[in-house]
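# Sequence first, then the predicted structure, then my questions.
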Amino acid sequence: DTGVSQDPRHKITKRGQNVTFRCDPISEHNRLYWYRQTLGQGPEFLTYFQNEAQLEKSRLLSDRFSAERPKGSFSTLEIQRTEQGDSAMYLCASSHTSGKVYEQYFGPGTRLTVT
Amino acid sequence: AQKVTQAQTEISVVEKEDVTLDCVYETRDTTYYLFWYKQPPSGELVFLIRRNSFDEQNEISGRYSWNFQKSTSSFNFTITASQVVDSAVYFCALSFYGQNFVFGPGTRLSVLP
């Protein structure tokens, strides 16, 4: 399978705990995006990387959220001190800046439930 | 600020009918990209089509076609001869050179047999 993969697929955590999600993009893709999607809404942009550089972060992204892409391959998204409002589907997507420009390929998502 | 509006929350059609999904966008950028994505019940978003702002030629790809009108900031998407498998939530999205994608709220399409 050469698509975007995300791990875990589901995460249940208690309020105040830290959680970390992983995304493995399509191997030749140099851009990687993180989104959050709540029920009945479209994906909301969080941040994106080009190779290992984090180029943009949404103003909506609180300082409890941090993302890394240390070697320009997989990425992690960490949420510290989770709150009930963090419950959502977290989506990862990847794309390339050449060829089929900016066509994003999405992973299956990680569903986070904060109790 | 960029914004995407999809005024149709839900649409129901009977199989084989044509259906058009509306998308209106706002941006101050003169160059941008527009996209349509499909999110079936399984949940994974699927890329459908892309159009850049300097090419207003409308196209047809199989049962899909799109109508891009820069003058009215609209990027409508049509499915011809709809099928039950087309049932999904469809999202319109806007991006400036692959940065800061903005998605609309989605239109839920139900195709009834």
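Received it, and whenever you're ready, just let me know what you need. Numbering: from 1, shown residues only, chains lettered A, B, ... in the order given.

# Could you check how far the closest residue to residue B:112 other than its chain neighbours is from residue A:106?
Excluding its sequence neighbours, the residue lying closest to residue B:112 (Cβ to Cβ, 6 or more residues apart in numbering or on different chains) is residue B:14, at 5.3 Å. Using the backbone N, CA and C atoms, a C-beta is placed for each residue, glycine as well. Residue B:14 sits 30 Å away from residue A:106, going by Cβ to Cβ, to the nearest Å.

# partners of the worst-scoring helix or strand of chain A on mean pLDDT, with directions?
Sorting the helices and strands of chain A by mean pLDDT, DSSP states H and E puts strand A:53-57 at the bottom, at a mean of 90. Applying DSSP bridges, strand A:53-57 is found paired with strand A:44-50 (antiparallel).

# residues near the residue nearest to residue A:55 when sequence neighbours are not counted, how many?
Once flanking residues are discounted, residue A:55 sits nearest to residue A:48: 6.0 Å by Cβ to Cβ, 6+ apart. Applying other Cβ atoms under 10 Å in any protein chain shown, we find 27 residues neighbouring residue A:48.

# Tell me if I'm right that residue A:48 and residue A:58 touch.
No. Under the criterion of Cβ atoms under 8 Å, residue A:48 is not in contact with residue A:58, lying 9.5 Å apart.

# what about the closest residue to chain A within chain B, neighbour count?
As assessed by Cβ to the nearest Cβ, chain A sits closest to residue B:103 within chain B, at 3.4 Å. Residue B:103 is flanked by 22 other residues according to other Cβ under 10 Å.

# what's the answer for residue B:75, then?
Residue B:75: 26 surrounding residues under other Cβ under 10 Å.

# Now tell me what touches the helix or strand bottoming out on mean pLDDT in chain B from outside.
Using mean pLDDT, DSSP H and E, the weakest-scoring helix or strand in chain B turns out to be strand B:59-61, at a mean of 75. Identification of contacts with strand B:59-61 by Cβ atoms under 8 Å, 6 or more residues apart in numbering or on different chains yields B:49, B:65-66.

# and it, how far from the chain's centre?
Centroid separation for strand B:59-61 versus its chain: 13 Å, with Cα atoms, centre = their mean, to the nearest Å.

# Flag every residue of chain B that's near chain A.
B:4, B:33, B:35, B:37, B:43-47, B:50, B:91, B:93, B:95, B:97-106 (Cβ under 8 Å from any Cβ of the partner chain).

# Tell me which strands the least confident helix or strand of chain B pairs with, and in which orientation.
strand B:64-69 (antiparallel).
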